[in-house]
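**Student:** Give the three-dimensional model of this entry:
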Amino acid sequence: MINIRRIIVVLTLLSPICESFKCKKHDTSEENRACLWLKSYNTISALQSREASLANFNFQSNMTPENKEILANISRTHVAVENRLRDEAEKFTGVNGYKDRSLARMLDDITYGGKLNDPKDIARAIEIDSNMTRLFSTAVVCNKSGHKCIPGEPDIELMFNTDKDCKKLLYYWQGWRDATGPKLKDLYVESVALSNKGATSQNYTDASEVWRGVYEVDNLKEMVEDIWKQVKPLYQQLHAYVRRKLKEDNNFGDDSGCTNIGDDGLIPAHLLGNLWAQQWGIMDIVKPYPDAAEIDVTDELVKQGYTVHKMFELSDEFYQSIGMPKMTPEFWNYTIMEKPEGVDMVCHASAFDLTAKGDVRIMMCGSVNQKNLETIHHEMGHCQYYLAYRPQPMVFRGGANPGFHEAVGDTIALSVVTPDHLKTIGLLPSYTQSRESSINYLMERALHKVAFLPFGMLVDLWRWSVFDGSTPPELYNTKWWQLRTKYQGIKPPVKRTDKDFDAGSKYHVPAGVPYIRYFFSFVLQFQFYETLCDKAGHTDELHRCDFFNNKPAGKKFEEILAMGSSKPWPDVLEKFTGNRKISADGMLKYFKPLHDWLKEDNVKHGQNVGWQGD
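**Tutor:** As a prediction, this is how the structure comes out:
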């Protein structure tokens, strides 16, 4: 029987793709045969991507055994087809001589990366991935009486952002790691072995080479270290200031009974207002000017009766105000904004491209607060990127590099959370601009943006060392805490051993999501933001820029989003910013008033900047 629905889906998927190929009917050259083959590949890949993405969305939003099995079956079929297509692509050996360089780039992309050939290995890799996702997403920590058990996201994560009972935080800090790491470690070790097997089968040294190679540069490690050297002085000043304020705090300080901040200068990881100490939710403790204006709009959102759905509408309105398309009917029909009762799902906010025209979605366990308002703008940025590069061939439907994709929504959010913008939309009605309120605002931003940078870097420094074998399983936790001490200046609040697997308590590790993209994105977003502010004609201090309602800025942004991955990212970056390098100059310019203030304040209070082992 003819499946009419499937035919409609195929036609919807292919309408923009077919226009991308200018193949000739009677040309038998290898380049033209490659063109015809790529046109066929994109047809198959579009349908494959749609089916795989839908199965993944259905499983992550409702982790039943049935959905797990459906995902596994589709994934096995998908891998088998992709392997066959890759074998066919490798037969085109003359790509270096193609006049149409986009054809050569597509073939290079299709044949890039590791590849498992044994069906048993493929099936096992799929099973491990789904098992780790389920174990992580269903993990809970029960209170000491055992009567109430709560998940890491969003419950324990929110607790760390709001609760000041250090003994309670210590209990749940250790409890979350006990509930995740030990259950995941053996599976993770096996996953690493399979990733390396796939990499070496294609003549890569190991999987870390594959992960770094997507950035199309030979010196990625050096790039990362160079950027870190740029921002490290700012981070160290922030760290020294925060350390002093914690030591003085009644709840967390030396007289509180919590783990002391000793002479080593390291901060215990459970005191920083985040389950992973990756961003520091302790503005109430470190606020420079307590009597100056407060920037957090959570209370105002609640007071005005905002719902999660209304926050999504607010985000959509901002994107439309700069000339980007409104979210589609499919988006509003299928996006999961809040966790349904009694459903096991992945609560970590994610965006999904279902490949069909207009079918982009977000899945999250949202609640009404400022953090979720930013998260929504971030995830909707992914959806705008999906829609912008939709006319590209399937191979080029991706970010210029992975950091670009993560930076888009955060660039918008930098404008959204400016006090001037929040006041404009009625969420900060009593705000008064002053030097003190600006320093408060920049401190809140730094706790979110600057504090993240070393964590954003070290997760993949750790994984690269795992993949290349320099960190064997028996040293996973030792290496993890060496890196966290060296780069973040933090330490575990209780003794950890290599029986623990603390890296496994972070979603992206068992989920197999490369993390260096976030490091780059947190730098790129300020580079993008400065460019858009220049386009909008902003002349005041950078941190005050709001390009709401500025369509020329939005048009400039959308132009580079529409390129997808069709060009090397330095070309895309240069077209947008005039610079071919990822640079922290924009971030340093944004935070300069705070950086100057921190240096002065730390000298005033006799603070030693740095920590043992930095």
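**Student:** Relative to the whole chain's centre, how far out is the helix or strand that contains Val224?
**Tutor:** Secondary structure assignment for Val224, by DSSP states H and E: helix 220-248. Taking the mean of its C-alpha atoms, helix 220-248 sits 20 Å from the chain's own mean (Cα atoms, centre = their mean, to the nearest Å).
**Student:** what kind of secondary structure is Ser20 in?
**Tutor:** Here Ser20 takes the coil state, with states given by DSSP: H, G, I helix; E, B strand; the rest coil.
**Student:** gap between it and Thr28?
**Tutor:** Distance, Ser20 to Thr28, using Cβ to Cβ, to the nearest Å: 22 Å. All C-beta spots, glycine's among them, are computed from the backbone N, C-alpha and C.
**Student:** higher neighbour count, these two?
**Tutor:** Residue environment comparison for Ser20 versus Thr28 gives the larger neighbour count to Ser20, 18 against 7, counting by other Cβ atoms under 10 Å.
**Student:** show me where pLDDT drops low in this protein?
**Tutor:** Counting by pLDDT under 70, the chain shows low-confidence ranges at 1-19, 254-257, 259.
**Student:** Could you rerun that using 80?
**Tutor:** Scanning the chain for pLDDT under 80 picks out 1-20, 253-260, 294.
**Student:** Longest helix in it, by number of residues?
**Tutor:** In the chain, taking DSSP state H as the definition, the longest helix is helix 166-200.
**Student:** re the thing from before, and after the helix holding Val224, which helix or strand comes next?
**Tutor:** Sequence-wise, the next helix or strand downstream of helix 220-248 (DSSP H and E) is strand 267-268.
**Student:** Give me the contact list for that next one.
**Tutor:** Taking contacts as Cβ atoms under 8 Å, 6 or more residues apart in numbering, the residues outside strand 267-268 that touch it are 239, 242-243, 246, 258-259, 261, 277, 489-493.
**Student:** Pick the one among those closest to Gly113.
**Tutor:** Minimum separation from Gly113 among the contacts of strand 267-268 (Cβ to Cβ) is found for Ala277, which lies at 32.3 Å.
**Student:** Give the other helices and strands that the helix holding Val224 contacts.
**Tutor:** Contacts of helix 220-248 with other secondary structure elements, assessed using 3 or more Cβ pairs under 8 Å, 6 or more residues apart in numbering; DSSP states H and E, are made with strand 267-268, helix 283-286, helix 435-448, helix 453-467, helix 516-535, helix 585-590, helix 592-604.
**Student:** switch to 6 Å and redo it
**Tutor:** Contacts of helix 220-248 with other secondary structure elements, assessed using 3 or more Cβ pairs under 6 Å, 6 or more residues apart in numbering; DSSP states H and E, are made with helix 283-286, helix 592-604.
**Student:** That one vs helix 592-604, what angle?
**Tutor:** Helix 220-248 runs at 50 degrees relative to helix 592-604, counting by axes from the mean of the first three to the mean of the last three Cα atoms, to 10 degrees.
**Student:** Am I right that Leu55 is in contact with Glu69?
**Tutor:** Just so we're on the same page, residue 55 is Ala rather than Leu. No. In this structure Ala55 lies outside contact range of Glu69 using Cβ atoms under 6 Å: 10.0 Å.
**Student:** Neighbour count for those two, which is higher?
**Tutor:** Ala55 (20 against 13).
**Student:** who's sitting farthest from the centroid in this structure?
**Tutor:** The outermost residue of the chain, judged by C-alpha distance from the chain's mean C-alpha position using Cα atoms, centre = their mean, is His26 at 46.2 Å.
**Student:** Sketch out the strands for the protein, chain order is fine.
**Tutor:** When secondary structure is read from DSSP state E, the chain shows strands at 140-142, 149-151, 267-268, 350-353, 360-363, 490-491.
**Student:** can you put those in a markdown table and add mean neighbour count and distance to Ser191?
**Tutor:** Converted to a markdown table, those look like this (neighbours: other Cβ atoms under 10 Å; distance: least, Cβ to Cβ, whole Å):
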| stretch | mean neighbour count | distance to Ser191 |
| --- | --- | --- |
| strand 140-142 | 16 | 23 |
| strand 149-151 | 16 | 22 |
| strand 267-268 | 24 | 31 |
| strand 350-353 | 21 | 20 |
| strand 360-363 | 24 | 23 |
| strand 490-491 | 22 | 27 |
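**Student:** Just to check, Gly323 is in contact with Asn550?
**Tutor:** No. Taking Cβ under 6 Å as the contact criterion, Gly323 and Asn550 are not neighbours in contact, 8.6 Å apart.
**Student:** Looking at these two now, which is surrounded by more residues?
**Tutor:** Here Gly323 and Asn550 are set side by side on neighbour count (other Cβ under 10 Å), and the busier one is Asn550, at 21 against 16.
**Student:** Test my guess that the more buried one contacts Asp534.
**Tutor:** No. Asn550 is not in contact with Asp534 according to Cβ under 6 Å; the separation is 11.2 Å.
**Student:** Would you mind finding the most buried of the helices and strands packed on helix 220-248?
**Tutor:** Most buried of the helices and strands packed on helix 220-248 by mean neighbour count (mean count of other Cβ atoms under 10 Å) is helix 283-286; its value is a mean of 18.
**Student:** ok, residues contacting that one?
**Tutor:** Contacts to helix 283-286, defined as Cβ atoms under 6 Å, 6 or more residues apart in numbering, come from residues 242, 245, 249, 444.
**Student:** got a list of what the third one touches?
**Tutor:** Okay, so that is Asp249. When the contact criterion is Cβ under 6 Å, 6+ apart, the partners of Asp249 are Ile285.
**Student:** With the first one instead?
**Tutor:** Counting by Cβ under 6 Å, 6+ apart, Val242 touches Val286.
**Student:** Likewise for Gly253?
**Tutor:** By Cβ under 6 Å, 6+ apart, the contact list for Gly253 reads Lys247.
**Student:** Offset the numbering so it begins at 617, please.
**Tutor:** Sure thing, new numbering starts at 617, so read that last one as Gly869.
**Student:** Quick check, Gln1008 in contact with Gly1180.
**Tutor:** Yes. Under the criterion of Cβ under 6 Å, Gln1008 is in contact with Gly1180, at a separation of 4.3 Å.
**Student:** gap between the two ends of stretch 822-834?
**Tutor:** 15 Å (Cα to Cα, to the nearest Å).
**Student:** hang on, I meant stretch 1060-1074
**Tutor:** Looking at stretch 1060-1074, the gap from its leading to its trailing residue is 23 Å under the measure Cα to Cα.
**Student:** Measure how far that stretch is from the centre of its chain, please.
**Tutor:** Relative to the chain's own centre, stretch 1060-1074 is displaced by 13 Å; criterion: Cα atoms, centre = their mean.
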